[in-house]
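Colleague: 3D, please:
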Amino acid sequence: MKEALCIVLLKSRARFWDRLRTGEAGWSDLASLCLFTVLSTGLYGLVLAGWRSPLLSLYVAVKLPLLFIGATAVVSVLNWMFAALLGSGLSFRSTMLAVFASMTVGGWILLALAPVAFFFLVSGVPRAGSDEELRLAHNAILMTHILVLAFAGVAGNAALLSGLRSAVRPGCPVLTLFFAWVGSFAFVGCQMSWMLRPFVGSPFYPVAFLRADWLDRNFYEFVFGEVLPFLLAGNG
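Modeller: Residues are numbered from 1 along each chain as shown. You can find the predicted model right below:
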């Protein structure tokens, strides 16, 4: 019986690239990577909003997989275009397999960090207090999860960098392709996360699946204009 690609990526990424180069990895393997991404990000989503509300935890368990699958699907198209422009020789299916493989590695990282995130929430996050204390807690949790999710995404891509070198045609600028892939995922993923908010759940807003103003403003305006200045000011 052929071993699932999510397990292959955990044991030996070289085997994954062998299967990709020989064409052995097909659309059914891509579906299995999607399924693993849904399950791993869904489990992490249960933890992500645990401090705010059990209902919001269930919402986020649905929305985080939507975010990862949606962003990865969009990024796959962009990355295939970058790969074609840079003369990589990768087919659309191979590009999608590579991108979803990176998300699978990221999913393993999220699974490993989920117990740590849960312990952090139950041991150090206040559920009551002054407005300033609650705002500080919310912003700290938000930045922690942004960093964890960003680390999982970048580490997943970085884990496949050496294999990408062996999969593209000679002369293809692999590092340029790699940074284009990471940049596209960061840009698309951040803005999609803003549209699908809340994920952490502000104590000053009612629990909801989506905010009424989900199309207003953008991720970067919020993080660099509100969250980071508040944390760096040393309030609380």
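
Colleague: when you work out contacts or count neighbours from here on, use the C-alpha atoms and nothing else.
Modeller: Will do.

Colleague: ok, now which ones touch the residue of the chain most remote from its centre?
Modeller: Outermost residue of the chain with respect to the C-alpha centroid, by CA atoms, centre = their mean, is S130; its distance is 32.1 Å. Not one residue lies near S130 by CA atoms under 8 Å, 6 or more residues apart in numbering.

Colleague: now it: how far from S53?
Modeller: In this view, S130 and S53 are 18 Å apart by CA to CA, to the nearest Å.

Colleague: same deal with P206?
Modeller: 10 Å.

Colleague: go on, A83?
Modeller: From A83 to S53 the distance is 43 Å (CA to CA).

Colleague: who's more crowded, the two?
Modeller: A83 (25 against 14; other CA atoms under 10 Å).

Colleague: any idea which element the more buried one lies in?
Modeller: helix 54-85 (DSSP states H and E).

Colleague: for the chain, what spans make up the helices?
Modeller: 5-11, 13-21, 27-48, 54-85, 92-124, 131-159, 161-167, 174-195, 219-222, 228-232 (DSSP state H).

Colleague: show residues contacting stretch 215-229.
Modeller: 139, 190-191, 193-195.

Colleague: buried members of those residues into PyMOL, please.
Modeller: Filtering these down to the buried ones (16 or more other CA atoms under 10 Å) takes a single PyMOL command:
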select buried, resi 139+190+191+193+194+195
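
Colleague: in CSV: the contacts of stretch 215-229, plus pLDDT and distance to L177.
Modeller: Formatted as CSV, the contacts of stretch 215-229 follow (pLDDT from 0 to 100; distance: CA to CA, whole Å):
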residue, pLDDT, distance to L177
N139, 77, 34
C190, 82, 20
Q191, 84, 22
S193, 84, 24
W194, 84, 26
M195, 87, 27
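
Colleague: need the contacts of stretch 215-229 in TSV with distance to V74, can you?
Modeller: Shown next, in TSV, are those (distance: CA to CA, whole Å):
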residue	distance to V74
N139	28
C190	13
Q191	12
S193	14
W194	16
M195	15
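
Colleague: C6 contacts C34, correct?
Modeller: No: the pair C6 / C34 is not scored as a contact, 9.6 Å apart, by CA atoms under 8 Å.

Colleague: circling back: any idea how far the residue farthest from the centre of the chain is from Q191?
Modeller: With CA to CA as the criterion, S130 and Q191 are 30 Å apart.

Colleague: same check, this time on A117
Modeller: For A117 relative to Q191 (CA to CA), the value is 23 Å.

Colleague: list the buried ones in stretch 49-65?
Modeller: 49-52, 56-65.

Colleague: need the residues that contact it.
Modeller: 37-39, 41-48, 118, 121-122, 125, 127, 196, 198-203, 207-209.

Colleague: tell me the predicted confidence for the residue lying closest to V74 once chain neighbours are set aside.
Modeller: Leaving aside its sequence neighbours, V74 sits nearest to V188 (CA to CA, 6 or more residues apart in numbering; 7.8 Å). Here the pLDDT value assigned to V188 is 87.

Colleague: can you report how many residues neighbour V188?
Modeller: V188, neighbours per other CA under 10 Å, totals 16.

Colleague: residues in contact with it?
Modeller: 71, 74-75.

Colleague: please redo it, this time with the cut-off set to 10 Å
Modeller: V188 makes contact with 67, 70-72, 74-75, according to CA atoms under 10 Å, 6 or more residues apart in numbering.

Colleague: where's P173 relative to A159, distance?
Modeller: 17 Å.
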